[in-house]
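*Asks:* sequence below, structure please.
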Amino acid sequence: MNASDEHNEEPSGGNWVCQIMAAEGVIGVLGNLLVCYVILRVKFLHNMTNYLLVNLAVADMLLCVQVFLYYLTSDCKLIAFAPVNNGVRDLFCRLLESKYLAFALTNASAYNLCVVTLERYIAIVHPLHYARKLTTARMVTLIAVTWVISFLLSVPLLFTIEPSNDPNQICSIKYPHRVFVILISIFTFLFSYLLPLTLMSLAYYKMQVTLKRQAKALNLQYARAAAYDLVIARQNLVSMLKTVLGALIVLWTMDNLAVLFCLQPTDEAQFLFCGSKVFYYTRVFSNLLFNFNSVINPIIYEFKYKKFRQGLKVAFCCCSKRHGGNRVGVEMAPL
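*Replies:* As a prediction, this is how the structure comes out:
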């Protein structure tokens, strides 16, 4: 089956939408770059959880770069870009226009958040096993596997588009059979959205139950203030991470439902709604929300993560660094 690439014909929602999308990309890159800088610069933020947040920020930052390039050169054509070389054109179509990079980096963002959740889950629910299970070598391996799997999950998209023979188009959608498109949509919904969100939701529920039980036990035992403060600090951190997860659910749900029911990013859906103007503008709005998820995490850290706020002051204030740069926070400790 063949179909012309609709992205070569019109931008998604007008020039103002394109400018917003591109702006989201720039702001997301700067925000996530700030997260990386602060955590790597400030010594008391050097621990496993924060290094995993850096890894998550890198995934979001790369996704923002992809969003910026896609709307700059492909969907909105804010810059005229038409690769002449056959090899460059093939890469452009299969990596960027097919949205392979977009879905791969989206997977990386979701599954790297799963890794952050796993680290906190073991630290809170199984603290005695933390040092043995979460060694540096194992975490590096887990992160590498997460990135590889994220890109492998999106490989089918490479076979949905190819360079066009039409001189007026750069790329054209091509796939062997309609069932192939349906399978891609279902597969993407299950493994890029439903599975990671379900796993993280269950993990946070278990963590919340464990923390409440620990706090209650310490209250009854009149434990030392330091031990009780540690539990409270952990609760605050879990609350921040739950906010990150909640934002992901809210901002991704509409877009993933479009993928499932309207066989996005192709134009082969059977539902009449999928070809309507209402869906067209709904899709534009869902794209805005989806891309905003990669922008919002640094904002959440600023408002919900006390240690990050302290680190931000230390990183950009010489006097703060002199007084507090080497203090060690306890809220990330596994025990």
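
*Asks:* so, low pLDDT: which residues of the stretch 151-300 of the chain?
*Replies:* Counting by pLDDT under 70, the stretch 151-300 of the chain shows low-confidence ranges at 219-229, 263-271.

*Asks:* try 50
*Replies:* Within the stretch 151-300 of the chain, the set of residues satisfying pLDDT under 50 is empty.

*Asks:* mind listing the helices for the stretch 1-150 of the chain?
*Replies:* Taking DSSP state H, counting those that start in this stretch as the criterion, the stretch 1-150 of the chain carries its helices at 15-41, 48-73, 86-91, 100-125, 130-133, 136-152.

*Asks:* just give me the lowest mean pLDDT stretch among these.
*Replies:* Of all the helices of the stretch 1-150 of the chain, the segment with the smallest mean pLDDT is helix 86-91, scoring a mean of 83.

*Asks:* in it, what's buried?
*Replies:* By neighbour count with 16 or more other CB atoms under 10 Å, helix 86-91 contains the buried residues residue 89. C-beta coordinates here come from the backbone N, C-alpha and C atoms, glycine included.

*Asks:* ok, the nearest residue to residue 51 once chain neighbours are set aside - contacts?
*Replies:* What sits nearest to residue 51 in space, not counting adjacent residues and going by CB to CB, 6 or more residues apart in numbering, is residue 39, at 7.4 Å. Applying CB atoms under 8 Å, 6 or more residues apart in numbering, one finds that residue 39 lies in contact with 45-46, 50-51, 53-54, 308, 311.

*Asks:* adding neighbour count and distance to residue 106, write those residues out as a markdown table.
*Replies:* Conversion of the contacts of residue 39 to a markdown table gives the following (neighbours: other CB atoms under 10 Å; distance: CB to CB, whole Å):
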| residue | neighbour count | distance to residue 106 |
| --- | --- | --- |
| 45 | 25 | 26 |
| 46 | 13 | 28 |
| 50 | 23 | 23 |
| 51 | 19 | 22 |
| 53 | 23 | 18 |
| 54 | 18 | 19 |
| 308 | 22 | 24 |
| 311 | 26 | 28 |
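
*Asks:* do you know how far the residue nearest to residue 51 is from residue 50?
*Replies:* With distances defined as CB to CB, to the nearest Å, the gap from residue 39 to residue 50 amounts to 5 Å.

*Asks:* run a quick neighbour tally on residue 23.
*Replies:* The burial metric for residue 23, expressed as a neighbour count using other CB atoms under 10 Å, is 13.

*Asks:* so how far is residue 118 from it?
*Replies:* 33 Å.

*Asks:* repeat that for residue 316.
*Replies:* Shown here: residue 316 relative to residue 118, a distance of 32 Å by CB to CB.

*Asks:* with neighbour numbers in mind, choose between these two.
*Replies:* Higher neighbour count among residue 316 and residue 118: residue 118, with 18 against 13, using other CB under 10 Å.

*Asks:* next, the buried residues of stretch 161-169.
*Replies:* So for stretch 161-169, counting by 16+ other CB under 10 Å, buried means 161-164.

*Asks:* among those, which are located in strands?
*Replies:* If you go by DSSP state E, those have 161-163 in strands.

*Asks:* can I get those residues in a markdown table with distance to residue 236?
*Replies:* Supplementary listing: those in a markdown table, determined by distance: CB to CB, whole Å:
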| residue | distance to residue 236 |
| --- | --- |
| 161 | 45 |
| 162 | 50 |
| 163 | 52 |
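
*Asks:* and the helices of the stretch 1-150 of the chain: which comes nearest residue 203?
*Replies:* Each of the helices of the stretch 1-150 of the chain was scored for nearness to residue 203 using CB to CB, and the closest is helix 100-125 (4.6 Å).

*Asks:* does anything pack onto that closest one? Which helices or strands?
*Replies:* helix 48-73, helix 130-133, helix 136-152, helix 195-221, helix 225-261 (3 or more CB pairs under 8 Å, 6 or more residues apart in numbering; DSSP states H and E).
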